[in-house]
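Enquirer: What follows is a predicted protein model with its sequence.
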Amino acid sequence: MVRRPWRATLGVVIEIQNLSKRYGETVAVDGLSFDVKPGQVTGFLGPNGAGKSTTMRVVLGLDRPDSGSVQVNGRAYAEHHRPLRQAGALLEASSLHPGRSARHHLLWLAQSNGIARRRIDEVLDLVGLTGAAHRPAGTFSLGMSQRLGLAAALLGDPPTVLLDEPMNGLDPEGIAWTRRMLRELAAEGRAVLVSSHVMSEMSQLADHLIVVSRGRLVDDTPVKAFVGDHDSLEAAFLARTNAEFHGSLQ
Amino acid sequence: MTVSTPTASAAAVSPRSEFRLALLAEWTKFRTLRSTYITLGLAVLTTIVFGALILTGAVLVEYDDMSPAERANFQLDEGIWFHGLHLGQVLFAVLGSMSVTGEYVTGTIRAALAAVPSRRALFAAKAVGLSLVTAVVGLVSAAAMFAIAQPILGQRDLDVPLTDASALQGVGLAALATVGFGLLGLGAGFLIRHASGATATVLLGFLGIPIIAQLLPQSWWSVIRYFPADAGWAMFTPTADTLSQGPATAVFFGYVAVVLAAAAVLFVRRDAGAS
């Protein structure tokens, strides 16, 4: 597959500034700022409820922020007229109709953004679903659904890919496959943002970490620097978030 | 590979082509689900079966019981052959609400909004797409109802040629009302978003209230005839109790306009939701 070298022209791909979002009384994201850069996998790490999914939905314009701004390739995602060519997303919750075949799911998405039909075959092949293209998505295993979601995210051949907990529920083979795929996407020069609450996944996947807790930024650092002297990413995370917690009490 | 540089592809697209692409995508979504065909098939079947039953069971039996003097003065109710459409239109309204709630239930709405972030364009594409489908199916159903009715009524020499001015107008108004019912269902879907809640609302509004209204005293009809379903049905099957066709059309599409406007405003303002 031939790829375009976007990395030559793009420095920061996602730029989040002072983002806040609350749902009723619950503060989901609280003054969060960070950048996602091309050519690397950025791990978006934090416990459940830390605001990772909310942040991703706000990046895609699905939910509106209360304050702050998000730019994708220089402007708000919703201001791009063919947004699937700017950023592709695999959200945590399903966004597939179980009665529609994989091919038809990709077809309407492609049509909505003026993407050529042959690209559908390319992405189906890329994720290994060519043989299952005509089966209803409802008959897919979790791993196959995730791969179809990834195919949808890559449909517009976007320079930016966002994935919310893509490893959740996958078997070891599926996890290894996803990890390889995401590493490859980053190697092609794309910006890859992957959220997870499982620390151990990140140590083998991410180059850079955005660590959040209770809607706030805890750290924005290369993985190696984050682990530092600790035994594992997990130990480093617990040490950092506990320090943060005690700090907030004082 | 068809990728151009991001900035070039973003600049070259007008809002109008955004709507056209969204409409094409909506059509693909609509035609690639089996539930679409099941609901459409049920609506058409219901329309034809009930229409034929009303004509043979009610009109012919009633006519045969009449004295020769009564028969001489007998006039068919306006649009009598379209009565089967009433129930079919309730199912078109269900189809309209399902075309929205199905997306919220499955999460497809998130993919749709990520693909078409302009909520106005997406809303318009859904409303226009549904209207085109219900217009065609409504027109075909109404014309079929008319065609089926004539041989049945012909048994008593009560048939009417399609060239009759009121017949053609009836077919047109019946199709137009069908579009309105679909849009009211679509609006309910956007406002309520939950499949069962929206379907229940549609069934209550278009089936429950008219059934209850039948049991109320005649004098109440001065109010009941302004209810949505009764106004919609009066467009093509007016009786002495209902509004006449012109006012019925105005009242019914007044409801459609209000419901669609409220649905559009809420759709543009609300978050798409977590799941």
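Expert: Yes, it's here.

Enquirer: can you give me the helices for chain A?
Expert: Along chain A, the segments classed as helices by DSSP state H run A:52-59, A:102-112, A:118-126, A:142-154, A:172-187, A:199-205, A:223-227, A:233-249.

Enquirer: B:Gln155 and chain A: what is the separation?
Expert: 44 Å (CB to the nearest CB, to the nearest Å). Yep, even glycine has a C-beta here, placed from its N, CA and C like the rest.

Enquirer: ok, now how distant is that residue from A:His80?
Expert: 64 Å (CB to CB, to the nearest Å).

Enquirer: Please apply the same query to A:Gly128.
Expert: 29 Å.

Enquirer: show me the contacts for the nearest residue to B:Gln89 once chain neighbours are set aside.
Expert: Once flanking residues are discounted, B:Gln89 sits nearest to B:Phe181: 4.1 Å by CB to CB, 6 or more residues apart in numbering or on different chains. B:Phe181 makes contact with B:Gln89, B:Val90, B:Phe92, B:Ala93, B:Gly96, B:Thr134, B:Phe206, B:Gly232, according to CB atoms under 8 Å, 6 or more residues apart in numbering or on different chains.

Enquirer: Please repeat the previous calculation with a cut-off of 6 Å.
Expert: For B:Phe181, the contact set (CB atoms under 6 Å, 6 or more residues apart in numbering or on different chains) comprises B:Gln89, B:Phe92, B:Ala93.

Enquirer: quick one: which of B:Gln155 and A:His80 has more around it?
Expert: Shown here are B:Gln155 and A:His80; by other CB atoms under 10 Å in any protein chain shown, A:His80 has more neighbours (24 against 12).

Enquirer: and that one, what are its phi and psi?
Expert: phi -80, psi 130 (degrees, to the nearest 10).

Enquirer: for chain B, what's the longest helix?
Expert: Longest helix in chain B, counting by DSSP H: helix B:119-154.

Enquirer: For whatever helix or strand comes next after that helix, buried residues please.
Expert: Following helix B:119-154 in sequence order, the next helix or strand is helix B:165-192 (DSSP states H and E). Applying a neighbour-count criterion of 16 or more other CB atoms under 10 Å in any protein chain shown, one finds B:167, B:170-192 buried in helix B:165-192.

Enquirer: any low-confidence regions in chain A?
Expert: A:1-10, A:93, A:243-250 (pLDDT under 70).

Enquirer: Which is the succeeding secondary structure element to the least confident helix or strand in chain B by mean pLDDT?
Expert: Within chain B, no helix or strand scores below helix B:6-11, which has a mean of 39 by mean pLDDT, DSSP states H and E. As assigned by DSSP H and E, the chain's next helix or strand after helix B:6-11 is helix B:15-31.

Enquirer: tell me the angle of that following helix relative to helix B:119-154?
Expert: Angle, helix B:15-31 to helix B:119-154, by axes from the mean of the first three to the mean of the last three CA atoms, to 10 degrees: 50 degrees.

Enquirer: Pull out the buried residues from helix B:15-31.
Expert: Neighbour count says helix B:15-31 has B:Glu18, B:Phe19, B:Leu21, B:Ala22, B:Leu23, B:Leu24, B:Ala25, B:Glu26, B:Trp27, B:Thr28, B:Lys29, B:Phe30 buried, by 16+ other CB under 10 Å.

Enquirer: can I get the CA coordinates of it in PDB?
Expert: The C-alpha coordinates for helix B:15-31 follow below in PDB (Å, rounded to 0.1, in the frame of the first residue of the first chain):
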ATOM      1  CA  PRO B  15     -22.100  22.500   2.000                       C
ATOM      2  CA  ARG B  16     -24.400  21.500  -0.800                       C
ATOM      3  CA  SER B  17     -22.300  18.600  -1.900                       C
ATOM      4  CA  GLU B  18     -21.900  17.700   1.800                       C
ATOM      5  CA  PHE B  19     -25.700  17.300   1.900                       C
ATOM      6  CA  ARG B  20     -25.800  15.300  -1.300                       C
ATOM      7  CA  LEU B  21     -23.200  12.900   0.000                       C
ATOM      8  CA  ALA B  22     -25.000  12.600   3.300                       C
ATOM      9  CA  LEU B  23     -28.200  11.900   1.400                       C
ATOM     10  CA  LEU B  24     -26.500   9.100  -0.600                       C
ATOM     11  CA  ALA B  25     -25.100   7.600   2.600                       C
ATOM     12  CA  GLU B  26     -28.600   7.700   4.200                       C
ATOM     13  CA  TRP B  27     -30.100   5.900   1.200                       C
ATOM     14  CA  THR B  28     -27.500   3.200   1.500                       C
ATOM     15  CA  LYS B  29     -28.100   2.800   5.200                       C
ATOM     16  CA  PHE B  30     -31.800   2.600   4.500                       C
ATOM     17  CA  ARG B  31     -31.600   0.000   1.700                       C
END
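
Enquirer: A:Leu19 contacts A:Leu32, doesn't it?
Expert: Yes - applying CB atoms under 6 Å, one finds A:Leu19 in contact with A:Leu32, separated by 4.6 Å.

Enquirer: Which residue or residues pair with A:Phe44 through a beta bridge?
Expert: A:Ser195, A:Ile210 (DSSP bridges).
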